[in-house]
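Undergrad: Predicted structure and sequence below. I'll ask about it afterward.
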Amino acid sequence: MATTPDDVRRALEAAPERRIDRTHAHEAARYLSRSLALFAGYLLLDGASFLFWVDPVPVKPWNPQVGLAVALLCAAGLRFAPAVFAGALASEILLRSPGHPAAVQVVCALALTIAMIAIAFALRRRGFPRVLGTVRSTRDFFAIAAAGALLSSFAYVSTSLAVTGAPFDALWSSVLHKWLGDALGMVGATPLTLLAVSPRGFRAPEMPRSTLAFDLAVFAVSLLIVLAVVFGSGPIRGERLFYLLFLPLIVIAVRRGLAGAAVGIAATQVAIIVALRIDQRTIEDATGYQIMMLALGATTLLLGAVAGERRRTQLELERRSAELRAQQQALADAMRVAAASETASTLAHEMSQPLSAIGTYARAGVEMLRRGTASPDELNNVLQRIVAESARTRETVQRIRDFFRTGVIHREPVEVRRLASDVEGAMRDRLRAEGIAFGVDVPERIAQVDVDRVQVGTVLHNLVGNAADAVAGAPAPRWIRIAARERGPHVEIDVIDSGPGIEPGMREALFEPLATTKPTGMGLGLAIARTLVTAHGGRLELAHLHPTTFRFTLPIHGSDEP
Ligand code: ADP
């Protein structure tokens with residue numbers, strides 16, 4: 001038959017549906033095969049762990065199938081409840097009560113299934129299987145397994161006695177035996193199954209993978225040796241030597257955490273069942289072994305959880321400290337970059353003033369020469385000023401670079417009046433040109449400060465420069481004043497001006513880098529000044545708005561303060 005384009009289109013349109021059908025079919029097949037595996041596993045474990053019945057109820061002293069079913073119901077929810085019920089029913093029909101009426105078998109299987117669902121959901125409520133492996137969840141598991149085993153044993157035994165019409169005399173002894181069997185089954189099989197079906201499970205990162213084969217081999221060999229000693233030395237002495245089983249279990253739990261503990265307990269239980277089958281002990285022996293196995297299992301699981309938690313904490317600690325190291329490195333890099341850019345900006349800022357002064361002096365010299373009016377003295381004076389400015393520039397560059405590169409401060413005792421007259425000298429021409437009066441109000445006998453002269457000079461330069469900028473556009477009288485006084489271990493220095501004050505929008509960001517209201521400003525002067533003052537152990541702040549007063553403190557020479 002010829003294929004038309006319409007056929008192709010129809011086939012394409014139908015394709016997604018078919019794909020969905022296939023996915024559904026695949027899901028269904030997977031569900032069925034898993035249910036079947038659970039059913040078979042349940043029956044197999046029930047049969048394989050059979051030792052003998054405790055009359056009159058078909059109770060046997062080991063129930064790993066209960067542990068398996070509880071784990072799978074806990075991990076996957078009610079989806080596997082039918083498979084569990086089928087397993088329990090098949091076990092009634094084939095193993096436990098073959099001759100009984102079907103109704104009895106169904107009711108007993110149902111009672112047990114409901115109990116197992118209840119246990120699984122109690123575990124889910126406490127966060128299982130997600131929380132598996134912590135000490136807290138292991139304690140929760142013990143509590144739920146103990147209470148759950150009581151529920152399942154009571155439900156099963158009482159239902160069985162009721163439907164078969166047997167006398168209730170043996171109720172509590174049968175309940176006790178089934179309780180031990182179910183609790184032991186859960187301790188042995190539930191954590192192991194949960195680990196096997198959960199995605200992290202045995203691949204948990206906390207235990208080293210490198211020595212796995214070695215650890216398992218050591219465990220297997222020592223388990224066999226201990227079992228040979230225990231079972232080879234007769235019933236009475238064997239029971240006394242049972243504590244030896246702790247040794248291989250402790251070692252595997254400590255070395256491999258909960259996963260090691262779970263595998264170890266399951267292997268030990270299997271080995272003991274096999275040994276008891278070969279040895280044909282009586283029910284009293286089995287009960288004794290059951291109680292000891294329960295204690296052994298609980299201790300081992302707890303130990304495994306503790307070891308796992310410890311290792312996890314250690315890994316977390318290592319991860320955090322690696323992270324911290326990386327952060328510190330990043331911080332150091334960022335600080336270096338910031339320091340580099342701050343150095344560059346500071347240098348540019350600090351050099352612009354003396355360079356323009358040098359330019360002015362040089363131009364004046366050239367003009368004098370051009371006119372031919374300059375006396376050698378005048379020329380010498382101009383050249384001296386150029387030399388002084390360039391020396392100041394060099395020293396400033398050097399000291400600022402040192403400070404930002406290494407944080408070095410060349411401290412020396414310095415007169416506050418000297419600091420004020422230095423800045424006045426450097427600014428004299430500008431102040432005169434703009435008609436700004438400059439006053440210094442520093443007491444004669446004020447203490448010396450312990451500072452880097454060049455760096456504090458930079459601070460004063462910035463503050464007086466800003467004051468001059470502010471005053472320049474203001475109406476007369478125009479003035480700037482430096483005042484100083486002692487305050488405890490510090491000298492407090494004010495730079496006050498008659499300018500219009502700080503612009504309102506500027507007040508918050510005054511000391512932030514790059515904040516400026518000037519067309520040619522860099523907005524770094526105050527940020528740099530504050531960095532330098534802080535490095536000296538002082539504080540720089542805007543003390544008053546009117547008249548504008550910037551105040552900073554410097555340590556007095558000889559005081560204990562840095
Ligand atoms: P820049 O001088 O490059 O602008 P600064 O950090 O030194 O950078 O100053 C930041 C801003 O603070 C200035 O642009 C100005 O608006 C304001 N400012 C600083 N000092 C004064 C002052 N004495 N009077 C008025 N405003 C000032």
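TA: Structure's in. What do you need?
Undergrad: Could you list the buried residues of the helix or strand harbouring residue 140?
TA: Assigned by DSSP states H and E, residue 140 belongs to helix 135-164. Across helix 135-164, burial judged by 16 or more other C-beta atoms under 10 Å covers 135, 137-138, 140-142, 144-146, 148-161, 163. Just so you know, the C-beta spots here come from the backbone N, C-alpha and C atoms, and that holds for glycine as well.
Undergrad: Return the list of helices and strands in contact with the helix or strand following that helix.
TA: From helix 135-164 onward toward the C-terminus, using DSSP H and E, the following helix or strand is helix 171-197. Packing partners of helix 171-197 (3 or more C-beta pairs under 8 Å, 6 or more residues apart in numbering; DSSP states H and E): helix 64-76, helix 135-164, helix 246-279, helix 283-371.
Undergrad: Quick one: check the longest one for contact with the ligand.
TA: What it means is helix 283-371. No - Helix 283-371 is not in contact with the ligand by C-beta under 6 Å from any ligand atom; minimum separation 7.3 Å.
Undergrad: distance between that helix and the chain's centre?
TA: Using C-alpha atoms, centre = their mean, to the nearest Å, the mean C-alpha position of helix 283-371 is found 14 Å from that of the whole chain.
Undergrad: Check the third one too.
TA: On the basis of C-alpha atoms, centre = their mean, the separation between the geometric centre of helix 246-279 and that of its chain is 35 Å.
Undergrad: Give the buried residues for it.
TA: Within helix 246-279, the residues scored as buried using 16+ other C-beta under 10 Å are 246, 248-269, 271-273, 275-276.
Undergrad: do the same with the first one
TA: By neighbour count with 16+ other C-beta under 10 Å, helix 64-76 contains the buried residues 64-76.
Undergrad: Switch the residues you listed over to CSV; also include distance to residue 542 and pLDDT.
TA: Shown next, in CSV, are the buried residues of helix 64-76 (distance: C-beta to C-beta, whole Å; pLDDT from 0 to 100):
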residue, distance to residue 542, pLDDT
64, 79, 92
65, 81, 94
66, 78, 94
67, 75, 95
68, 76, 94
69, 77, 95
70, 72, 95
71, 71, 95
72, 73, 94
73, 72, 94
74, 67, 94
75, 67, 91
76, 69, 89
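Undergrad: Out of these, the closest to the ligand would be?
TA: Closest to the ligand out of those is residue 75 (65.4 Å), distances taken as C-beta to the nearest ligand atom.
Undergrad: Make sure the closest one is actually in contact with residue 195.
TA: No - because the distance of 10.2 Å does not satisfy C-beta atoms under 8 Å, residue 75 is recorded as not touching residue 195.
Undergrad: any idea which residue sits dead centre in the chain?
TA: For the chain, the residue sitting closest to the mean C-alpha position, by C-alpha atoms, centre = their mean, is residue 320 at 6.2 Å.
Undergrad: Tell me the spacing between that one and residue 313.
TA: 10 Å (C-beta to C-beta, to the nearest Å).
Undergrad: ditto for residue 395
TA: 56 Å.
Undergrad: Over to residue 464?
TA: Shown here: residue 464 relative to residue 313, a distance of 59 Å by C-beta to C-beta.
Undergrad: and if you look at residue 428?
TA: Separation of residue 428 from residue 313 (C-beta to C-beta) stands at 69 Å.
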